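# here is my input; please provide its structure:
(2 chains)
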Amino acid sequence: MDLSQFFIMRHEVLLLAVIILILLMEIFVGKANRKAIIPVSIGLFLLSTLAGFLPAESGQLFGDMYRTNGLIVSMKNILNIGVLIVMLLSAEWLRKEENLDKVSEYYLIMLSTLVGMFYMISSGDFLMFYLGLELASIPMAALAAYDKFRNSSAEAGIKFIFSSALSSGVLLYGLSMIYASTGSIYFTEVAAHMGEQPLQVLGFIFFLAGMGFKISLVPFHFWTADVYEGAPISVTSYLSVISKGAAIFIFSIVLFSVFPMLEPLWQELLYVLAILTMTLANLFAVRQNNIKRFLAFSSIAQAGFILLGIMGGPHLGLTTVVYFILVYVFTNLGAFGVAISISDKTGKENINDYNGLYKTNPMLSLTMMLALFSLAGIPPVAGFFGKFFLFTSAASKGYYILVLIAVLNATISLYYYLRVVKAMFIEKSDHPIAPFRSSLSTRMALALCVAGTFAVGFISWIYEYLYDMTYLLFIF
Amino acid sequence: MSILNLFVIVPVLTVFAILFTKDFKGARVVSAIGMGIQLLLAAYLIFAYLDLRAIGITDEMVFTQDILWFPMLNIHYAIGVDGIAVSMIALTAIVVFAGVFASWEVDNLAREFFISLILLATGVFGFFISLDLFTMFLFYEIAVIPMYLLIGIWGSGPKEYSAMKLTLMLMGGSALLLVGLLGLYFYSAPDGGPLTFNILEIAKVHIPVEMQRLFFPFLFVGFGVLGALFPFHTWSPDGHASAPTAVSMLHAGVLMKLGGYGCFRVAMFLLPEAANEMAWIFIILTTISVVYGAFGAIWQKDLKYINAYSSVSHCGLVLFALLMMNETAMDGAILQMISHGLMTALFFALIGMIYGRTHTRMIDQMGGLMKVIPFLSVVYVIAGLASLGLPGLSGFVAEMTIFVGAFQHPDIFHRAATIIAISSIVITAVYILRVVGILLLGPVKNTDYNLLTDARWYERLSTITLLVAIAGIGMFPFWLSDTIMNSLGPIVSRLLAVV
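Residues are numbered from 1 along each chain as shown, chains lettered A, B, ... in the order given. Below is the predicted model:
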């Protein structure tokens, strides 16, 4: 094997380089200069993000355990953009006194999980898939417990590791059945030998359940709200956008490339899961008062909508899903960004605390409103296009009833998104959040989110580009 | 580039210009200038349109422009107008212009107010120029969502409840609509060509009848919610009563017309077989709307509720006339949309102005206003007369045409429905004259009212603009009617061809 072939693993290699450099900084930077680690880390990651946009090559390594192509590179780039925004958003929080001595840990753990996600998305067999998945989840528990002296954070870590272990167990059990019945763990060979034998179907269902945990579909969602609420809010944003996005990417890739034979089955299962997920998550979201729990349930509901996209098949469907995740990265991180900024300055995390926010902090309120409208699918922001295409995707297979249930759910979701808008714009408060100016990094991140929320919808070539890329799904 | 783009560009530029103003005075002047330009553009558009027709251009849509937006899904930014759309654009321009002057005194968060108001108007203009169902839907939703903030922030009474109810019901309607639109899209190329959202393209194909039966209710009810179709009208009284003046004007005057316009341009035009088959269900519902709205208005004591219920009745008449599916009745429906748009906008403007002076909207607490604010009172009487269909004003033209058209159906069902609907005219006369009697005539009940001042210049400008349009249509209905008739041809012939 020629060493230069390694460079098709560009994303992972660069990320490892960034991780090692941060590790070195941790060793060599003295106590006085620890704050400097933050901008340097962000700068390094920015470079690796930019390098990710260099022209992509297709190829496979390690005897088809690792594969990459234009589509997978696009997915990784989307995740990179999201992580960059999360890093910018968390800078202010990391600069606090109590976090300064563990700054580099935050970056190291976070980027390790990202490496895991990259390998997971690029996997060509179930072994690599599983390794990536574990690398993406086990450090995540440490990240959730980052505020280890705060009970709820430690609790979130424990809850995450338990639920993650359980789901991995279920998933692995399913994979073992698939291996037993097809005799291989390579995607291509499994796909060739996959039939509708009971063992194979059972294995697939276990696999689906395991992934359901990762994507937090109802009824596998019970860990989500507690972990999201307990974890530090920056980590929550990472969990709900990046980690969920990566899981959805690999889930749809595996469905289309490994289990096309079972399509009628998984279409039915997704049909039911989508309805359950959207409806229940919406009903729970209506009742939440904590902004983190609120966004947690909202993100579960969004996962339900994404399932509609997946049902549209490997081209229209996959394009729509990837496009929606791109929209979702900007949109949801915009909403989280405002919440993070307010939480950093005031420690307030309840929706009632946002009463009268527009009077004191108009820019933050407008950003939040834009993000919420985008989540609800209101034009002219990107969320409208994302949602519309998801519905189109499901309708292309003739699931009009499902689309109807989904759009009615979108209307319900508008209710609770408007609750927050109402708090900020209409309600009056005796003790509103005092005016403050966010740090430069936060403002940059929010500006990026707002720009993305506006632009992604109107720039149609992104959608076209992704569509062309989906034709590479089976080409490596 | 088509002149129609300006109808979206000008409001958007106005919004940006408002961002740079310092206080409410700047914001309102900029809005007035922007919407004044819009009004001139609309006037120009009418003449340009008539010129094109005069030189013999018979295209269904003119001033068209088509930009490919999402090539994969064949989504276009396609615009174009026919006579009906031109009239609706003119209506919108007049009402928005009058609305800006009616809200001249808004000083609480005035910039935000005018921005939301003009964004709403952008959505409406965009809706009327769209030929592509995707952009049409996009503009439709843009028009709905600023309502929430406009009512929630600047409204009165139980404004949060009303705002939420209105937004959710209209969004629920648009949810149904979306399903119908996707249905149209996926059946727009039965021969395997590229799918399309373009209305004119879809009109050329024949969608299977069973699919039409499935999607027609979605589309008709989806638009019907906005057109206050019984039993989906309940957002309307609450929403209108709580909304600030200009928003009630725009909403009852223009936004509700989006519903009627969509019903025939999309639901009926594109699904003619189903429209013919299912018309009877909706004729029953709209007849109920017409009568129920009128009776509802009788019982109300709040001026805004009276007018809101009256809008339910009048907008019901629009849908009723559309469903009669002959050229005369549909012509009447469009006339009624325009006439009611102007009339109800005038009513809401006057109610806002009276409320601004007396601080109450309860008719039994007021009386003898004719003596203290003669200008507003006289205009109110004229608006009332237009509403109950006095010849010489727009209401007569519209209602007469509708009922003449509706009565052309020889069968008992249509005739019975028509007669029941006609009875609403009498009820309308009752509630209008009752309000005029209690509110305006008689002695001045409250001595504090002797100090009230009559309309200021901006209020006069706002009301006179509307009044001129109402009287204009009433006296010279033919040019408007002709403009509409020319464009109705293809729609009606498509509807009748399948019977």
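
# spell out which parts of chain A neighbour chain B.
Proximity of chain A to chain B is confined to A:316, A:319, A:373, A:378-380, A:384, A:388-389, A:391-392, A:395-396, A:398, A:400, A:403-404, A:407-408, A:410-411, A:414-415, A:418, A:421-422, A:425-426, A:460, A:463-464, A:467 under the rule CB under 8 Å from any CB of the partner chain. For glycine as for every other residue, the C-beta is placed from the backbone atoms N, C-alpha and C.

# just the buried subset of those residues, please.
For the residues of chain A next to chain B, a neighbour count by 16 or more other CB atoms under 10 Å in any protein chain shown gives the buried set as A:316, A:319, A:373, A:378-380, A:384, A:388-389, A:391-392, A:395-396, A:400, A:403-404, A:407-408, A:410-411, A:414-415, A:418, A:421-422, A:425-426, A:460, A:463, A:467.

# any low-confidence regions in chain B?
Along chain B, segments meeting pLDDT under 70 span B:499.

# for it, which strand is longest?
strand B:62-70 (DSSP state E).

# and the next helix or strand past that strand?
Downstream of strand B:62-70, the next assigned helix or strand under DSSP states H and E is strand B:75-81.

# packing partners of that following strand?
Here strand B:75-81 is seen to pack against strand B:62-70, helix B:110-129, helix B:133-154 when contacts are counted using 3 or more CB pairs under 8 Å, 6 or more residues apart in numbering or on different chains; DSSP states H and E.

# rerun at 10 Å
With contacts taken as 3 or more CB pairs under 10 Å, 6 or more residues apart in numbering or on different chains; DSSP states H and E, strand B:75-81 sits against helix A:382-396, helix A:460-470, helix B:5-19, strand B:62-70, helix B:83-102, helix B:110-129, helix B:133-154, helix B:199-204.

# tilt between that strand and helix B:133-154?
Taking axes from the mean of the first three to the mean of the last three CA atoms, to 10 degrees, one finds strand B:75-81 and helix B:133-154 inclined to each other by 80 degrees.

# quick one: buried residues of strand B:75-81?
Going by 16+ other CB under 10 Å, strand B:75-81 has these buried residues: B:75-81.

# likewise for stretch A:16-24?
By 16+ other CB under 10 Å, the buried positions in stretch A:16-24 come out as A:18-19, A:22.

# residues in contact with that stretch: which ones?
A:9, A:37, A:40-41, A:43-49, A:103-112, A:114-115 (CB atoms under 10 Å, 6 or more residues apart in numbering or on different chains).

# so which of these are in strands?
Using DSSP E, none of the contacts of stretch A:16-24 sit in strands.

# of the residues you listed, just the buried ones, ChimeraX syntax please.
Buried residues among the contacts of stretch A:16-24 (16+ other CB under 10 Å), as a ChimeraX selection:
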select /A:9,37,41,44,45,48,49,103,104,105,106,107,108,109,110,111,112,114,115
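
# in helices, which of the contacts of stretch A:16-24 fall?
Among these, the members falling in helices (DSSP state H) are A:37, A:40-41, A:43-49, A:103-112, A:114-115.

# any weak-confidence spans in chain A?
A:1-3, A:476.
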